[in-house]
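>>> structural data only, the sequence is not supplied:
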């Protein structure tokens, strides 16, 4: 197991290096931030002074070398727009995105797993058909349309929930979070539902398929012959088998939710990193864009490593192969 983890960490370092090179060249070769940061009537002397202060007057390889050396020390440079360290700007917005994505993932699991188990245990019935139809809708409907419908129904027509913003967060153990206040929770519900629907559909279909493939197996027949209840067979024995693919999907989907919450955050004006990256791209704020992408890549790598470790805990055969 230790050898396996070390090998994966070495691969992660190589992926991060390659990503930093590709992203840096792609981002720094597009556009001129001076056109946005300076007024149109700025003199050449002013442009040269700003370019020198931002390091934009150096050759691209030199800029990358300086960027890579600073990144190894956790420094991605100052944001052109906020004039603060890029990582500070990202980490300031990251808690809001993590709140949203964690809530969306929990919603997906708490609703998707029971619905998938229910449908899988009753194949061909009206329950199965209804659940599968709902999951197809979850796959098919665009996030931006879902978000607008949620706002129209629950915020405009019914007036039950707020439509935009993060609300007034509270504090738990010195940590500021929306979970600590009712106003924060109310603002969190609609964007979390919108973000969770597609992932919920994936979990429903995956769970249903796993249940239908597992129930005819011999060990289930033996469990029934021993007199075990259907609930115990389903929730203990069958669930242990189908958890392996579900863990993989949960890990991948969590990273996807964090990285691609842009649409939901934009629709609901949620102050997370998704909205930040859109604003930074529009402003050609290169340090923030590069730092954001590398943070997302690191997050994906960490999640994949955690999924691999969870795999080995769920399936001893994987542990023996890794050794």
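Good, I have the coordinates. On a predicted model such as this, the values are computed, not experimentally measured, just so you know.
>>> tell me which stretches of the stretch 151-300 of the chain form helices.
Taking DSSP state H, counting those that start in this stretch as the test, the helices found in the stretch 151-300 of the chain are 182-214, 218-225, 230-232, 239-259, 262-267, 273-282, 286-314.
>>> buried residues, stretch 72-89. List them.
Buried residues in stretch 72-89, defined by neighbour count with 16 or more other Cβ atoms under 10 Å: 76, 77, 78, 79, 80, 81, 82, 85, 86, 87, 89. All C-beta atoms are positioned from the backbone trio N, CA, C, and that covers glycine.
>>> out of the residues you listed, flag the one nearest to residue 245.
Nearest to residue 245, judged by Cβ to Cβ, of these is residue 87 at 35.0 Å.
>>> thought the closest one was touching residue 71?
No - between residue 87 and residue 71 there is no contact under Cβ atoms under 8 Å: 9.6 Å.
>>> residues shared between the contacts of those two?
Counting by Cβ atoms under 8 Å, 6 or more residues apart in numbering, residue 87 and residue 71 have no common neighbour.
>>> picking up where we left off before, possible to save the helices of the stretch 151-300 of the chain as CSV with mean neighbour count, distance to residue 159 and mean pLDDT?
Converted to CSV, those look like this (neighbours: other Cβ atoms under 10 Å; distance: least, Cβ to Cβ, whole Å; pLDDT from 0 to 100):
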stretch, mean neighbour count, distance to residue 159, mean pLDDT
helix 182-214, 22, 12, 87
helix 218-225, 12, 49, 81
helix 230-232, 11, 40, 81
helix 239-259, 19, 28, 77
helix 262-267, 21, 18, 86
helix 273-282, 20, 25, 83
helix 286-314, 19, 35, 77
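>>> quick one: which of these is nearest residue 126?
Among those, helix 182-214 sits nearest to residue 126 (Cβ to Cβ), with 14.5 Å.
>>> now for the closest one, which elements pack on it?
Counting contacts by 3 or more Cβ pairs under 8 Å, 6 or more residues apart in numbering; DSSP states H and E, helix 182-214 packs against helix 86-121, helix 126-140, helix 143-150, helix 239-259, helix 262-267.
>>> okay if I get those helices as JSON lines plus distance to residue 201?
Shown next, in JSON lines, are the helices and strands packed on helix 182-214 (distance: least, Cβ to Cβ, whole Å):
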{"stretch": "helix 86-121", "distance to residue 201": "8"}
{"stretch": "helix 126-140", "distance to residue 201": "3"}
{"stretch": "helix 143-150", "distance to residue 201": "12"}
{"stretch": "helix 239-259", "distance to residue 201": "11"}
{"stretch": "helix 262-267", "distance to residue 201": "16"}
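>>> so which of these comes closest to residue 185?
Nearest of the helices and strands packed on helix 182-214 (Cβ to Cβ): helix 86-121, 9.0 Å.
>>> the closest one: which residues count as buried?
Quick answer for helix 86-121 (16+ other Cβ under 10 Å): 86-87, 89-90, 93-101, 103-105, 107-109, 112-113, 115-121.
>>> per-residue confidence for the closest residue in space to residue 156 that isn't next to it in sequence?
Nearest non-adjacent residue to residue 156, counting by Cβ to Cβ, 6 or more residues apart in numbering: residue 163, 7.4 Å away. Predicted confidence (pLDDT) for residue 163: 85.
>>> ditto for the one 10 residues further on
At residue 173, the predicted lDDT confidence score is 71.
>>> how much space separates it from residue 180?
9 Å (Cβ to Cβ, to the nearest Å).
>>> can you check residue 219 too?
For residue 219 relative to residue 180 (Cβ to Cβ), the value is 45 Å.
>>> what's the answer for residue 243, then?
Distance of residue 243 to residue 180, given as Cβ to Cβ: 31 Å.
>>> ditto for residue 232
Residue 232 is 37 Å from residue 180, by Cβ to Cβ.
>>> ok, now residue 146?
From residue 146 to residue 180 the distance is 27 Å (Cβ to Cβ).
>>> same deal with residue 142?
Distance, residue 142 to residue 180, using Cβ to Cβ: 32 Å.
>>> which one's more surrounded, these two?
A direct count of neighbours by other Cβ atoms under 10 Å for residue 142 and residue 180 places residue 180 higher, at 16 against 10.
>>> check contacts around the nearest residue to the more buried one once chain neighbours are set aside.
Leaving aside its chain neighbours, residue 180 sits nearest to residue 170 (2.8 Å; criterion: Cβ to Cβ, 6+ apart). Listed by Cβ under 8 Å, 6+ apart, the contact set of residue 170 reads 176, 177, 178, 179, 180, 181, 184.
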